[in-house]
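Colleague: Sharing a model that was predicted from the sequence below.
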Amino acid sequence: MRKEVFGRTPDGEIVELYTLTNTKGMEVRLTNYGGIVVSLRVPDRQGQFDDVVLGFDRLEDYLKGHPYFGAIIGRYANRIAGGRFVLNGVSYQLTLNEGQNHLHGGQKGFDKVVWKARPVRSARGVGVRLSYVSRDGEEGYPGNLSVTVTYLLTEENELRIEYTATTDRDTIVNLTHHSYFNLAGQGRRDILDHLLQINAHYFTPIDANLIPTGEIRFVRGTPFDFTQLTPIGARIEEPDEQLRFGRGYDHNWVLAGPPGALRLAARVVEPNSGRVLEVWTTEPGLQFYSGNFLDGTITGKEGRVYRHRYGFCLEPQHFPDSPNKPHFPSVILRKGARYQTTTVYKFSVAP
Ligand code: GLA
C-alpha cells in the first residue's frame with residue numbers, strides 16, 4: 001500500500017491518493033476525495049494488465065465536476081422525485097440538482113466531500129477505511145449520519161466495499177459506488193459488445209424524468225431481459241418506451257434472492273480481452289446505466305475521449321425514489337440502528 005498527495009481542494013484541504021496491490025498484480029488507486037476509485041488495473045486472458053475504469057489523472061479534473069466517475073454516492077444514491085419525502089409525519093425537502101429531482105445526494109453529495117482515511121489490513125486483504133459525518137440538515141436530510149466505507153483489495157482479485165452508517169435521528173440512507181467500467185480498457189471503445197447477465201426477473205420501469213412509476217415489471221420478452229448473457233448493444237436501439245426514457249439502459253433491476261445475503265447480482269464478459277466482472281451484493285436492487293450521457297465532451301485519463309456509451313455502471317442499491325414508494329424495500333435508518341451493506345466487484349478471465 002502506497003499513500004501520496006493527490007492535491008488540494010479550493011479550501012486548502014489535502015487530498016490523498018492510495019495505491020493498493022495484491023500478489024496477483026491487481027492494482028486499485030483510490031482517493032479520499034469522494035471516495036473515488038481513480039484506476040483499477042486487471043489482467044486479460046493473456047495476462048496483460050489494463051485500466052478498466054473511467055476517470056482522470058489529476059484531482060483538478062475531478063474538482064471541475066464530472067458524472068460521478070468512480071465515486072461513493074450518498075446519502076441517497078439515485079433519484080428522489082421532487083426531492084421530497086415524509087418521515088414520521090414530517091415532510092422534508094432535499095436540494096434539487098437535476099431538474100425537479102434530487103440525484104445522488106444533492107449539490108454536494110458524498111462524491112464531493114473529503115473523507116477521513118486510514119489504511120486497514122485484514123485476513124481478506126489490504127484497504128482503506130473512509131469515514132465521514134454528514135451533519136443534520138446537510139442537503140436537507142435529517143440526523144447526524146456517521147458513515148464508513150471500507151475498500152478492500154483481496155487476493156481473489158476482488159474489490160470489496162463495506163458500508164456502515166448510524167444516525168442520531170431517524171433518516172433515510174442508500175449508499176452505492178459509481179465506477180464506469182470498460183473491460184476492454186478505459187477510453188478505447190464503447191461497451192456495446194460486452195455481454196451482460198443480471199440475476200433479476202423484474203425491473204422498475206421509469207417515467208420521462210427517470211423516476212420509477214412504482215410498477216414492478218417482468219423482464220421476459222422485453223429488452224430488459226438479461227437473465228442470459230446478452231450483448232449490451234443487442235437491443236439498446238429498439239423502439240421501446242423504457243429505452244427511450246432512459247436514452248438506453250438507466251434502470252433499476254429487482255435482484256433475485258434474499259436481500260441481506262451476499263449473492264451474485266451480475267456478470268459481465270468482454271469477449272476480446274476475456275475479462276470478466278462479477279458483482280456480488282447484499283442490496284435488493286441494481287442500477288444498470290449504459291453511459292448514455294457520455295458524449296465525447298470529457299477527456300479522461302491518458303488523454304482518452306469518453307464518447308457515447310464508453311463505460312457502464314452497475315450500482316447495487318435500494319430502489320430509486322423508495323421514500324415515496326411504500327411497497328419498495330425500506331430505506332429508513334432508525335436512530336440507534338446500524339446500516340450495513342456489502343458489494344464485491346470480482347475480476348477474472350473467461351477461458
Ligand atoms: C446514474 C443515473 C444516471 C446518470 C448517472 C450519472 O447512474 O442513473 O441517470 O445520472 O448516474 O450521469
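Modeller: Received, thanks. Residues are numbered from 1 along each chain as shown.

Colleague: quick one: pLDDT of the residue in the chain sticking out farthest from the centre?
Modeller: The outermost residue of the chain, judged against the average C-alpha position, is residue 89 (30.8 Å), by C-alpha atoms, centre = their mean. Here, the pLDDT recorded for residue 89 equals 98.

Colleague: Ok, residue 351 next?
Modeller: According to the model, residue 351 scores 84 on pLDDT.

Colleague: What of residue 277?
Modeller: 99.

Colleague: do residue 304 as well
Modeller: For residue 304, the pLDDT comes out at 98.

Colleague: Find the residue closest to it in space, skipping its chain neighbours.
Modeller: Distance criterion C-beta to C-beta, 6 or more residues apart in numbering; nearest residue to residue 304, sequence neighbours excluded, is residue 187 at 2.6 Å. Placement of C-beta: from N, CA and C, glycine included.

Colleague: you'd agree the one you found is up against residue 301?
Modeller: Yes: Residue 187 lies in contact with residue 301 (C-beta atoms under 8 Å); the separation is 6.6 Å.

Colleague: Overlap in contacts, these two.
Modeller: Any residue near both residue 187 and residue 301 by C-beta atoms under 8 Å, 6 or more residues apart in numbering counts here, and that gives residue 54.

Colleague: what residues does this protein put near the ligand?
Modeller: Applying C-beta under 6 Å from any ligand atom, we find that the chain lies next to the ligand at 67-68, 78, 103, 210, 250, 287, 289, 293, 313, 315.

Colleague: How much space separates the residue farthest from the centre of the chain from residue 170?
Modeller: Noted for residue 89: a distance of 11 Å to residue 170, by C-beta to C-beta, to the nearest Å.

Colleague: go on, residue 25?
Modeller: With the distance defined as C-beta to C-beta, residue 25 ends up 46 Å from residue 170.

Colleague: Residue 285 bridge partners, please.
Modeller: Here residue 285 sits in beta bridges with residue 254, residue 317, going by DSSP bridges.

Colleague: what residues are up against it?
Modeller: In this structure, residue 285 makes contact with 204, 252-255, 316-319, 329, judged by C-beta under 8 Å, 6+ apart.

Colleague: pLDDT score assigned to it?
Modeller: The pLDDT attached to residue 285 in the predicted structure is 98.

Colleague: Quick one: end-to-end distance for stretch 307-316.
Modeller: With C-alpha to C-alpha, to the nearest Å as the measure, stretch 307-316 spans 24 Å from end to end.

Colleague: With stretch 118-126 instead?
Modeller: Using C-alpha to C-alpha, the end-to-end distance of stretch 118-126 comes to 11 Å.

Colleague: quick one: buried residues of it?
Modeller: Using 16 or more other C-beta atoms under 10 Å as the test for burial, stretch 118-126 gives 125-126.

Colleague: now it, how far from the centre of its chain.
Modeller: Stretch 118-126 sits 22 Å away from the centroid of its parent chain (C-alpha atoms, centre = their mean, to the nearest Å).
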